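> When you get a sec, could you give me coordinates for this:
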Amino acid sequence: MEIQLKQMLMSTVDKRAALHHLIDEANEAFIEAAFLIFTAAQTEKPYGYEVDGTPIYASKLGAELDKEITAAENGNYITAQELDEISKG
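Numbering: from 1, shown residues only. The predicted model follows:
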């Protein structure tokens, strides 16, 4: 019970680190099974990557672009002239 509660409270970063450790310690059969699970779950190919290496998927890109368009329509943007002035410092 205590272990299950701890696992539920772990952040994604903590879980990722724990998974790396578990994989390092796993036997060949477990690694093969885990590989099949991860590759089966990853059916959509990345459209691109963030600067930190995080994959960007087309299915999520549309929602992100819609959010940015809404922000621009609400006046949350800078003009090309403002960008030029910022770039010059």
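> If you average pLDDT per helix and strand, which one of the protein comes out bottom?
helix 2-9 (a mean of 63; mean pLDDT, DSSP states H and E).
> Restricting to C-alpha, output the next helix-or-strand element following that one in CSV.
Downstream of helix 2-9, the first helix or strand assigned by DSSP states H and E is helix 12-25. Written as CSV, here are the backbone C-alpha positions of helix 12-25 (Å, rounded to 0.1, in the frame of the first residue of the first chain):
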residue,chain,number,x,y,z
THR,A,12,6.6,12.5,-14.2
VAL,A,13,10.3,13.4,-13.9
ASP,A,14,10.7,11.1,-10.9
LYS,A,15,8.9,8.3,-12.6
ARG,A,16,11.1,8.8,-15.7
ALA,A,17,14.3,8.6,-13.6
ALA,A,18,13.0,5.5,-11.8
LEU,A,19,12.2,3.9,-15.1
HIS,A,20,15.7,4.5,-16.3
HIS,A,21,17.0,2.8,-13.2
LEU,A,22,14.6,-0.1,-13.6
ILE,A,23,15.6,-0.6,-17.2
ASP,A,24,19.3,-0.6,-16.4
GLU,A,25,18.7,-3.4,-13.9
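> Low-confidence stretches in this protein?
Residues of the chain that meet the criterion pLDDT under 70 lie in 1-8, 42.
> Need the phi and psi values for the spatially most central residue of it.
Closest to where the C-alpha atoms of the chain average out (Cα atoms, centre = their mean) is Thr54, at 4.9 Å. Backbone torsions for Thr54, taken as degrees, to the nearest 10, come to phi -70, psi 130.
> Could you give the number of residues near Met10?
Neighbours of Met10 under the rule other Cβ atoms under 10 Å: 13. In this view, the C-beta of every residue, glycine as well, is placed from N, C-alpha and C.
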